[in-house]
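sequence and predicted model, in that order:
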Amino acid sequence: MKMTVSIGVGVGDATDVEKAVHTAVKQARAQLGDMPAQAAYITSTVDYDAARVHAAFREELPGVPLHGVTTSLGVLTPAGVRNEGHGAVAVLLVGGAPGTAFVASSTEKDGRRAGESAARELVRKAGGKMPRMILFNASPGEEEEMLAGIASVCPDVPCQGGSAADHAIAGQWSVFTHEGPVSVGVSLLGLFGEMRLGTALSTPYSPTGVRARATGAEGRSLLSLDGQPAAQVLGRWMDGAIDDQLRTGGNILAQTALRPIAVRRDMGSRDHYVTVHPAHIHAERGVVDVFARIEPHDEVCLMTGTAEGLVNEVAHLIDTALAHGGLTTRDVKGASLIFCAGCAGALGPRIDEGLRTFARLLPGVPLLGLCTFGEQGHIPGLGNVHQDLSLSLTLFASP
């Protein structure tokens, strides 16, 4: 007999965190029916204390491994964003036979070692089996290295996910490991067994044709483009939109959300653009801080997008994930959506319009949605990538 997978999602937004978590778990459990929960993917806004959120989920879900990150803005649902101003929590329960899902984490400071150690723990818990897919959630900063570490242990296993977020890039975010919330770390939820999965990572931006070579870069700081200070080159590309920051320094996330940069990756028959969100200008040095790594010699391109394109991207994302998994809309039992917080900021209230696409195209499908500070997904031919200003989707279906 083939084992079915069952997904339940619940959302709570009571002022009292324990009540909010109780409501979310009750809703999610009701959707699982009598299927036992094998893992819980949890999220919360930073309006609640992360330790209390975690403790409440542990109490409501005794013995169920916990995994997740905090979300910016609110919890995303097919009806729109949930957050009345005092916060929201949500949980996605993976139901099935024992062995359907396992959780592992690492708080090692070195990103590659953290990825390796969490992946090894996941495989050990599964008795040496490789996961079909990994839901990846981490603190911002080392995601590329973490993904490389995971790939060294679990080659060719797709990772989909998003990075922990808060409301204001204030470092208040948390990664929810099973042991408790941490500000720096990685948590993995590995999916095993016969379930079918459809995934997609997409971004609604097009290259403008304006490009330069990265001549100086260190991690997530872009020093120079074509031999000139990176901030000056970006300033010319942005047609005056960041002139104040060029003079005095400062945050440029809002100005660049619809005009980001990207690193072009040549995939033979087509190109993939790894979108990168410029975050901050250091005026005295002409340096631009970014939210994804750029290497020296990378080709950096100016991209362009529209709010309309972002709203419409949700339908494209669903179509891509269905096609990838060979699924029809009727097969889908649940979904997890990662929506870049920068994209959400650029959309404002129109994000609800995009989210309602779910209700239209996947009616009744339980959805857990988060707003993140970096997105991860699997690009066929390129492997697992970390990029910004993107949407990442996972669809779960029975065999």
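Now that the structure is in, tell me what you want to look at.

tell me the domain ranges of the chain?
6-202+308-397, 206-305 (automatic domain parsing).

mind putting the ones you listed into a markdown table with mean pLDDT and mean neighbour count?
Placement of C-beta: from N, CA and C, glycine included. Listed next are the domains of the chain as a markdown table, based on pLDDT from 0 to 100; neighbours: other CB atoms under 10 Å:
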| stretch | mean pLDDT | mean neighbour count |
| --- | --- | --- |
| domain 6-202+308-397 | 96 | 21 |
| domain 206-305 | 96 | 18 |
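
strand partners of the top strand by length along the chain, parallel vs antiparallel please.
Determined from DSSP state E, the single longest strand within the chain is strand 206-218. Its sheet considered, strand 206-218 pairs with strand 221-225 (antiparallel), strand 299-304 (antiparallel) by DSSP bridges.

need the residues that contact the longest one.
What that stands for is strand 299-304. In this structure, residues lying in contact with strand 299-304 by CB atoms under 8 Å, 6 or more residues apart in numbering are 205-214, 222, 225, 237, 258-264, 273, 275-276, 294.

returning to what we had before: tell me which of the strands paired with strand 206-218 lies nearest to S72.
For these, the distance to S72 is smallest for strand 299-304, at 21.6 Å, taking CB to CB.

check the offset of that closest one from the chain's centre.
Its chain's C-alpha centre and that of strand 299-304 lie 22 Å apart, by CA atoms, centre = their mean, to the nearest Å.

go on, stretch 109-118?
On CA atoms, centre = their mean, the centre of stretch 109-118 falls 18 Å from that of its chain.

put the alpha carbons of it into CSV.
Extracted C-alpha coordinates of stretch 109-118, given in CSV (Å, rounded to 0.1, in the frame of the first residue of the first chain):
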residue,chain,number,x,y,z
LYS,A,109,29.2,30.0,12.9
ASP,A,110,31.0,28.7,9.8
GLY,A,111,28.3,28.4,7.1
ARG,A,112,29.7,25.5,5.2
ARG,A,113,30.2,23.5,8.4
ALA,A,114,26.8,24.4,9.6
GLY,A,115,25.2,23.1,6.4
GLU,A,116,27.3,19.9,6.5
SER,A,117,26.6,19.1,10.1
ALA,A,118,22.8,19.7,9.8
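
which residue packs closest to A279, ignoring adjacent ones?
D289 (4.9 Å; CB to CB, 6 or more residues apart in numbering).

next one: that neighbour from P278, what distance?
Going from D289 to P278 by CB to CB, to the nearest Å gives 8 Å.

common neighbours of those two, please.
Taking CB under 8 Å, 6+ apart as the criterion, D289 and P278 both touch L222.

alpha carbons of stretch 162-182, as PDB, please.
Taking C-alpha atoms only, stretch 162-182 is exported to PDB below (Å, rounded to 0.1, in the frame of the first residue of the first chain):
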ATOM      1  CA  GLY A 162      13.800  31.400   2.900                       C
ATOM      2  CA  SER A 163      15.900  33.300   5.400                       C
ATOM      3  CA  ALA A 164      14.700  34.500   8.800                       C
ATOM      4  CA  ALA A 165      13.300  38.000   8.800                       C
ATOM      5  CA  ASP A 166      11.900  40.800  11.100                       C
ATOM      6  CA  HIS A 167      10.000  44.000  10.300                       C
ATOM      7  CA  ALA A 168      13.000  46.300   9.900                       C
ATOM      8  CA  ILE A 169      16.300  44.500   9.300                       C
ATOM      9  CA  ALA A 170      17.100  45.100  12.900                       C
ATOM     10  CA  GLY A 171      18.500  41.600  13.600                       C
ATOM     11  CA  GLN A 172      15.500  40.600  15.700                       C
ATOM     12  CA  TRP A 173      14.900  37.500  13.600                       C
ATOM     13  CA  SER A 174      15.100  33.900  14.900                       C
ATOM     14  CA  VAL A 175      15.600  30.500  13.400                       C
ATOM     15  CA  PHE A 176      13.400  27.900  15.100                       C
ATOM     16  CA  THR A 177      15.400  24.800  15.700                       C
ATOM     17  CA  HIS A 178      13.800  21.900  17.500                       C
ATOM     18  CA  GLU A 179      15.800  22.800  20.600                       C
ATOM     19  CA  GLY A 180      14.800  26.500  20.600                       C
ATOM     20  CA  PRO A 181      15.100  29.800  18.700                       C
ATOM     21  CA  VAL A 182      18.500  31.000  17.700                       C
END
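
okay, helices next: where are they in this structure?
Secondary structure of the chain (DSSP state H): helices at 17-32, 50-60, 111-125, 143-153, 230-237, 243-248, 253-256, 307-325, 341-347, 351-361.

quick one: which of the ones you listed is nearest I379?
helix 307-325 (10.8 Å).

next one: the closest residue to R120 other than its chain neighbours from E145, what distance?
Sequence neighbours aside, V153 is the residue nearest to R120 in space, at 5.4 Å (criterion: CB to CB, 6+ apart). Separation of V153 from E145 (CB to CB) stands at 13 Å.
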